[in-house]
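K.L.:
this one's sequence-less:
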């Protein structure tokens, strides 16, 4: 007996002893602290790279990184503007919705993160292992794109702070004409943004350790900036800052080209026009022509930040949305309206709205400010107790930032005048900076470094996320991005990240980039909630999170909120993001590597399959829903390879991926001795199924004999209501050879088994001549010889085949055999009418034969030609009678067949025994009969006459078929049943051989005894 190996942790010797290759030894990528992305703690040469025990607690490891990732550029550059446009109530609703979304997502994420170890990839790992490689890859790439565009947004924010508030004179592109400042600013953003992106990418490439060392500096900048804001708010209660705002009527003026906020000013003993007068009038004299609005309204100066005790909160409660180019106006200020005038093409110093504002747009712009909640879960390998720190730190960080954002909304609305809020800067200063204490530069410098640091972190984290996806191998086209430098740094992924980030830089507008990354983050959060809800509802045994304060309703609410916010932000961006995710999903499904991660989608599929099987189990299948559910019987050679691959090709053409397909085969022997060979044979069959694009299941049976194995498959293949109703097999071409493993005895017994099981049987003769899936018939016929009524299967099969590209151009012809005393013309009309009601287009031809030529074909009582004639005559009834009677005939035929099969019958008369003979066998039988006497009490002469007649039937019918269908691409024939007397089995095989002699491709069809087509909708 072999000694069992202990499943303990693997250890590798190193300079400092053994290194545990477990959860803590894996690399953990983090947007904040990025480490070389290696798969194990072993270095590139196999040397151990030991790390100290992780000692970070909740505060340092989760809480502060989440704070630093959540608080950022939107707080400093856009929150005041959002409050001014949406009002305090609208802004409060926006912040509350977004913070609720992230809080619910954090609860779901905490449950997933505490349900085991989360290796490199963070959120991607959680989603992919919970929802499968398709969803994981799609959402992981969306999260990667969101992180990359976040880097572009942070870089644009950095450049905007630099060019607007730190060094306005550094602009490279100057406005050529009045009103061109906005376009010039966009060009400057592109130039400086590209340079900054190249510099940051170089820093990340050279060494991530520099980014790590600056992380705490960036965090300190954010914290100091927020403290300065609160200090400034407190100071406004007793000493508001002096921020004058110039108003003309109720319109805000930008101090561009003038210093004094007045029309005239004292000059000596008189007054003189100010620079403002010169902007609105064509000269500096009192008689000059001036702008009508300037003449009618007074110029006043208001306090831009009146303070928290001023009561301005009531004025800022409601929204003030405006179209692009609209005047920024003060509510309640005196104003004399004038007829609509031109805006002076930017010549007049009005403050105009630079973008059309509405609620949904503001949601999309604001949402990036609440992202960053994954920072803690991405660093779980560095935590002392990840199961405790991740939920507590993340939820506490979201609660803290939510309080900061909500309080800032109230405080901004209570301290700052509405016209200042709706202007993104006041007097060339940042609005938040004007409010802050002790100096506006605290906010300017702090926001500059925090946005710069956030951009570096995005460029550090996004390539590692892409590398984790590439190394998973689910997306073959991304495998090149799994490689990098010798220390594991993702060089190629960094290059792709920089190129994608450059597209965001070229957009150049922070307000336009923010909704894009909102879509990707919302989609990621939506699937985190879906993963948690799915795992909770499925109640999988492995779902045992340590975090207990979750519920599937909260996850479902979070998922619904994320989905709603996607379309609230921008419905076309949402559709575009979903289209990208859908394309990635289908690509992974089509070309991606097979991964078995025990994901929730697979569990959901199993539950759905279980539910569907239980539903299908109840009640018989209606005729309208009948389709061939095929059990394909394959023969294997000595090397356990499939003998007739074309049989699977034909199955694909017949099924086209619809319905049930079971590919079965039998291996002779005992399972204990041949289980390895059975596994190899099953792999060979699955490989061939993949090559032939046959969608179905493989079932291989090891049995003591081929006969028993095939019988077992016919009886037991399938599950519940998903069972086969049709058996497809190849004609045993070598049946005359006694040493053939699949002899004629096995074949005939299989035919009997299908009949007993009430299953249809399809036998493909000359199957190696059947077309492959790549072939196309440009012309030809599919000929159906409808000799006895089989429930309509003969007519249904060509219709199904013609749905496939191989047979699409072939025409369908139906030949029916009439007796001499039949009315052939009327029979053809009846059959055409029947086909019309079946919605099947085909040519009809009636072939006349004498009764004795076909009597041997119709020996079975339930498949007599009278049934076919009765069904055709049914089409001549009135419409009312037809609707009442037609289906009854079908059901009666089926019932009679079942009753006949179940009834114990007396030995059949010689005329009803199916025995056919060749001439040589006839002579040999005569000699045997003389020696053995009358066998079974039958006169020799009478039995010989019967055998000769049946041989005559096969020869005559074969001649007729050859005459009509020699050049047909496929011939479908009724297959008569085997004789009840087993002594005639070999003669039955001769009968079928003679019947199909000279035909290239033949499909012998034996119905199951039930109707498979109906004239009703």
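P.N.:
On my side now, so go ahead. Given the structure is predicted, the values throughout are model-derived calculations rather than measurements.

K.L.:
where along the stretch 401-550 of the chain do the helices fall?
P.N.:
Remark: helices assigned in the stretch 401-550 of the chain by DSSP state H, counting those that start in this stretch are 418-421, 431-435, 440-472, 491-507, 510-538.

K.L.:
quick one: closest of the ones you listed to residue 284.
P.N.:
Proximity to residue 284 (Cβ to Cβ) singles out helix 418-421 among those, at 28.0 Å. From N, CA and C alone the C-beta is placed, and that goes for glycine too.

K.L.:
what does that closest one contact?
P.N.:
Identification of contacts with helix 418-421 by Cβ atoms under 8 Å, 6 or more residues apart in numbering yields 80-81, 83-85, 243, 245, 247, 252, 302, 304-305, 312, 315-316, 320, 328-331, 351, 412-413, 426, 431, 434.

K.L.:
narrow those to those in strands?
P.N.:
Judged by DSSP state E, strands contain the following of these: 245, 247, 252, 302, 426.

K.L.:
after the worst-scoring helix or strand of the chain on mean pLDDT comes which helix or strand?
P.N.:
Ranking every helix and strand in the chain by mean pLDDT, DSSP states H and E puts strand 17-20 at the bottom, with a mean of 33. Later in the chain than strand 17-20, the nearest helix or strand by DSSP states H and E is helix 58.

K.L.:
same for that following helix, what does it pack against?
P.N.:
helix 386-415 (3 or more Cβ pairs under 8 Å, 6 or more residues apart in numbering; DSSP states H and E).

K.L.:
circling back: mark which of the contacts of helix 418-421 are buried, thanks.
P.N.:
80-81, 83-85, 243, 245, 247, 252, 302, 304-305, 312, 315-316, 320, 328-330, 351, 412-413, 426, 431, 434 (16 or more other Cβ atoms under 10 Å).

K.L.:
bridged to residue 699, which residues?
P.N.:
Beta-bridge pairing of residue 699 under DSSP bridges involves residue 664.

K.L.:
surely it is in contact with residue 713?
P.N.:
Yes: if you go by Cβ atoms under 8 Å, residue 699 and residue 713 touch, sitting 6.8 Å apart.

K.L.:
which one's more surrounded, these two?
P.N.:
Between residue 699 and residue 713, counting by other Cβ atoms under 10 Å, residue 713 is the more crowded of the two (24 against 17).

K.L.:
look at the more buried one and report its pLDDT.
P.N.:
On pLDDT, residue 713 comes in at 90.

K.L.:
OK, contacts around it?
P.N.:
Taking Cβ under 8 Å, 6+ apart, we find residue 713 in contact with 631, 633, 664, 666, 699, 701.

K.L.:
report the secondary structure state of the first one.
P.N.:
Remark: residue 631 carries the secondary structure label strand [criterion: DSSP: H, G, I helix; E, B strand; the rest coil].

K.L.:
returning to that earlier point: go through the helices of the stretch 401-550 of the chain and name the closest to residue 97.
P.N.:
Proximity to residue 97 (Cβ to Cβ) singles out helix 510-538 among the helices of the stretch 401-550 of the chain, at 11.4 Å.

K.L.:
and the helix or strand that that closest one is followed by, how far out from the chain middle?
P.N.:
Next in sequence after helix 510-538, counting helices and strands by DSSP H and E, comes helix 552-569. Relative to the centre of its chain, helix 552-569 is centred 18 Å away, using Cα atoms, centre = their mean, to the nearest Å.

K.L.:
state the mean pLDDT of helix 552-569.
P.N.:
Across helix 552-569, the average pLDDT comes to 94.

K.L.:
in the longest helix along the chain, what's buried?
P.N.:
Longest helix in the chain by number of residues (criterion: DSSP state H): helix 79-113. Residues 79-88, 90-92, 94-95, 97-113 are the ones in helix 79-113 that count as buried (16+ other Cβ under 10 Å).

K.L.:
relative to residue 284, how far out is the residue located most distally from the centre of the chain?
P.N.:
What lies farthest from the middle of the chain is residue 269; by Cα atoms, centre = their mean that is 80.7 Å. According to Cβ to Cβ, to the nearest Å, residue 269 stands 18 Å off from residue 284.
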